[in-house]
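S.K.: Provide a 3D model corresponding to the input given below.
(chains A and B)
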Amino acid sequence: MTTTWFASPADAARRLREAGYLTDDATALTAYLSGALEKPLLVEGPAGVGKTELAKAVARATGAELVRLQCYEGLDEARALYEWNYKKQLLRIQSSGGEDSWSETHDDIFTEEFLLTRPLLSAIRRDEPTVLLIDEVDKTDVEVEGLLLEVLSDFQVTIPELGTVTATRRPFVVLTSNASRELSEAVKRRCLFLHLDYPDAERERAIVTSQVPELDEKVAAQLVDVVVRLRDLELKKAPSIAESVDWARTLIALQIADLDEATVARTLGVVLKHASDQRRAVKELKLATA
Amino acid sequence: MSLLDTHIGFVEALRSAGLSVSLAEGLDAIAALEKVRWHDRETVRAAYAATLVKRQPQRVTFDAVFDIYYPRLIGSGVAGDGLERVAGPQDTGPALEDFREALAEALASDDGRTLQDLAVEAVARFGAMPGRGPGLSSWSAYTSLQRVSPSELMDRLVRGLLGQGLDAEQAERVAGRRIGAFTRLVEGDARRRIAEEKGPEHVVDVTVRPTIDRLDFTAARRSDLEEMRREIYPLARRLAARLTKEQHAQRRGPLDVRRTVRASIATGGVPLTTHHRPKRPHRTELVVLCDVSGSVANFAHFTLLLVFALREAFNGVRAFTFVDDVVEVSEAFRPGADVVEVMESLSASISHAALWGRTNYGRALTRFADEHGDAIGPRSSLLILGDGRSNYSDLALPVLSDLAGRSRHAWWLNPEHPRHWGTGDSAADRYGEIVPMTECRNLAQLGEFVHGIV
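M.R.: You can find the predicted model right below:
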């Protein structure tokens, strides 16, 4: 059974926009291709440019359910794929009181009832359209990548006791990465690649105003202008889109109708999280510190 | 050429430019192209990029090769219609005046499309070198840029930007960036013209520059250096992440009985998973001694920045710079210090490190051993950065072997290719006998080395 995720790149752009995610052409095209070719989509880029949000938006736009696997160091098969419910199996063996033969017990305790499905397996077994988000895949160990290979290329999982489970309907897979580690060639080869970067001023303004509609047009323009100038500086951490949106919300909360220098200096902490970055910004933008 | 030929040539060119494009990825690209419409060049570019480029630093190379294989237009295109209509020589005084006027306006308004058209015109009108022998290209970006000389428009552009409320420094930066962008457009268009004439394979070999992490420190332009500086912190972060991961992998210390028993309660007293105490990572003190004379200063700065960005991995880091005298610069690298300030104070330190301004390794090493000899001990490692070009002066080899003998480890990083070691006034071969010398010409090699020592 196949699902048509998006009819065309333009359709992808339109439906993602309706779901509250403003794309550029390359993003819309890659999202469309990922659906059309049924290949996983690897999204890379700095923190806070909307990598995870893209997966959520695809789910919203296509009415699919989102299954999320958050990766971290030490993630293993038992947390990613499936696990046998040891406690229940122990109970089952103890309750039978040793009357059943070994083969009966064996057949009994390795059945669906004792299987705990984890995100990867549940995404594959679902019959409804599913978006599988494998978040921050660079945080995992190299072994987990090996585990992902079978899932990503054939959309199947082999459980020795039960056999191979194949996807009835292929999920739309999104992997995100902060590039803190190079992923293996094998994983990359199976994916389409998309690099999300900071948007240009115009698109960023559109994003800020769509996320924070209460914000005045003029203030939004000022805000984006400052953020763009900040990104030009040599900072340890350039402000992300998420942080510009936070900044807009801060201005709403403080009921500020004009973003002048003093206000910028006072609320700089929302976008810059390093003391040295703040000092540099104050110096370079020639802000009057209150 | 058929479409398939172009595709195969394109993939081949990407491979020879250093991108690892597998057969499967090439097939993916064709599958992707089947799913999109080809009316827009950027769509084709994005489809190729999504399937073939799996690493962002390679994107620059990809774009350059793509522009050569799938050119934006052929000949002078639609914008060049005006050119052909003018009879007689294209490159005339009034034409140049008009062109520069148009360019100044386009630069001031930062109008991408017009700038692109102007770049095409610049090459067509001022970069043509007709009548050259076969095998020589008849288009030159250099000639057209010499004629047009966009950098002379800098002042005018800066004045215009000042009027828009930018301060002087910023206006200069913006103007510099716009002119740089225009220069790249002209260079790109000249490449396109030459590719049209001589076939794309030829041009790719000659003109595509290596990605920023493979670019030689000594061959870097100013803009490359800035880009490299921006790469330092991400690189340090990647290295730090890799280090913690590797240390975690090895740190299965002794069994932690208490935690293992506690965890076994959940499985009815059967210890299914064991827990271990972490091992303490071993840390050394690092002493960096770097040559900051003109030829290798950039390399030294990058290495220092990277080492200090990773200072948590060491017990302590002390840095000394020298030309012919030694000065300590450790205090410039306070935790949380600003990169730009650090670079400024490093540059300032050069004046203290030089008495006569000519590199003298022998004198610098002797002074270091006299004044800061206590920095070296059995718990510290010595890292020397420099090309070993000592202007034929005394090398002080015994001093170096004494320093190397007293320290726990000693390394020498040389930003030159090994084939230049020992040539001219380079004493790299003789120093290399005492201290193991490693070639370190780009960020990738630097990252590997620094990872290796921690």
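S.K.: Could you pull up phi and psi at A:Phe193?
M.R.: The phi and psi values for A:Phe193, taken as degrees, to the nearest 10, are phi -110, psi 140.
S.K.: Can you name the residues bridging to it?
M.R.: Going by DSSP bridges, A:Phe193 is paired in beta bridges with A:Leu42.
S.K.: residues in contact with it?
M.R.: A:Leu42, A:Glu44, B:Ala49, B:Ala50, B:Thr51, B:Val53, B:Lys54 (C-beta atoms under 8 Å, 6 or more residues apart in numbering or on different chains). Every C-beta, even on glycine, is put in place using the N, C-alpha and C of the backbone.
S.K.: Ok, B:Ser264 next?
M.R.: By C-beta under 8 Å, 6+ apart, the contact set of B:Ser264 is B:Val270, B:Pro271, B:Leu272.
S.K.: Show me which positions of the helix or strand harbouring it end up buried.
M.R.: Using DSSP states H and E, B:Ser264 falls within helix B:257-264. Residues B:Ser264 are the ones in helix B:257-264 that count as buried (16 or more other C-beta atoms under 10 Å in any protein chain shown).
S.K.: Might one say that B:Ser144 is in contact with B:Leu118?
M.R.: No: with contact defined as C-beta atoms under 8 Å, B:Ser144 does not count as touching B:Leu118 (10.8 Å).
S.K.: the strands in chain B, which residues?
M.R.: Secondary structure of chain B by DSSP state E: the strands cover B:285-291, B:316-322, B:326-328, B:380-385, B:409-414, B:437-439.
S.K.: okay, those in CSV with mean pLDDT and distance to chain A next?
M.R.: Formatted as CSV, these follow (pLDDT from 0 to 100; distance: least, C-beta to the nearest C-beta, whole Å):
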stretch, mean pLDDT, distance to chain A
strand B:285-291, 85, 21
strand B:316-322, 84, 18
strand B:326-328, 84, 22
strand B:380-385, 86, 22
strand B:409-414, 86, 23
strand B:437-439, 87, 22
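S.K.: so can I have JSON lines of those showing mean neighbour count?
M.R.: Output for the strands of chain B, formatted as JSON lines (neighbours: other C-beta atoms under 10 Å in any protein chain shown):
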{"stretch": "strand B:285-291", "mean neighbour count": "23"}
{"stretch": "strand B:316-322", "mean neighbour count": "22"}
{"stretch": "strand B:326-328", "mean neighbour count": "19"}
{"stretch": "strand B:380-385", "mean neighbour count": "22"}
{"stretch": "strand B:409-414", "mean neighbour count": "21"}
{"stretch": "strand B:437-439", "mean neighbour count": "18"}
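S.K.: Take the ones you listed and write them to TSV, including distance to B:Ser393.
M.R.: Converted to TSV, the strands of chain B look like this (distance: least, C-beta to C-beta, whole Å):
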stretch	distance to B:Ser393
strand B:285-291	13
strand B:316-322	13
strand B:326-328	15
strand B:380-385	16
strand B:409-414	18
strand B:437-439	19
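S.K.: Nearest to A:Asp260, out of those?
M.R.: Proximity to A:Asp260 (C-beta to C-beta) singles out strand B:316-322 among the strands of chain B, at 41.7 Å.
S.K.: Just the CA coordinates for the closest one, please, in PDB.
M.R.: Extracted in PDB, the C-alpha atoms of strand B:316-322 (Å, rounded to 0.1, in the frame of the first residue of the first chain):
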ATOM      1  CA  GLY B 316      46.000  23.000  31.700                       C
ATOM      2  CA  VAL B 317      47.200  24.800  28.600                       C
ATOM      3  CA  ARG B 318      50.100  27.300  28.400                       C
ATOM      4  CA  ALA B 319      50.800  29.100  25.100                       C
ATOM      5  CA  PHE B 320      53.900  30.900  24.000                       C
ATOM      6  CA  THR B 321      54.500  32.700  20.800                       C
ATOM      7  CA  PHE B 322      57.800  33.500  19.200                       C
END
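S.K.: Can you check what angle separates it from strand B:285-291?
M.R.: Going by axes from the mean of the first three to the mean of the last three C-alpha atoms, to 10 degrees, strand B:316-322 is angled at 20 degrees with respect to strand B:285-291.
S.K.: what about the chain, any weak spots by pLDDT?
M.R.: Using chain A. A:1-3, A:98, A:288-290 (pLDDT under 70).
S.K.: My question was about chain B, not that one.
M.R.: B:1, B:76-91, B:131-137, B:165-166, B:205-210, B:248-252, B:280-282, B:335-339, B:454.
S.K.: ok, residue 275 - how many residues close by?
M.R.: Chain wasn't specified; assuming chain A. Counted with other C-beta atoms under 10 Å in any protein chain shown, the neighbours of A:Ala275 add up to 12.
S.K.: that's the wrong chain, I wanted chain B
M.R.: By other C-beta under 10 Å, 16 other residues sit near B:His275.
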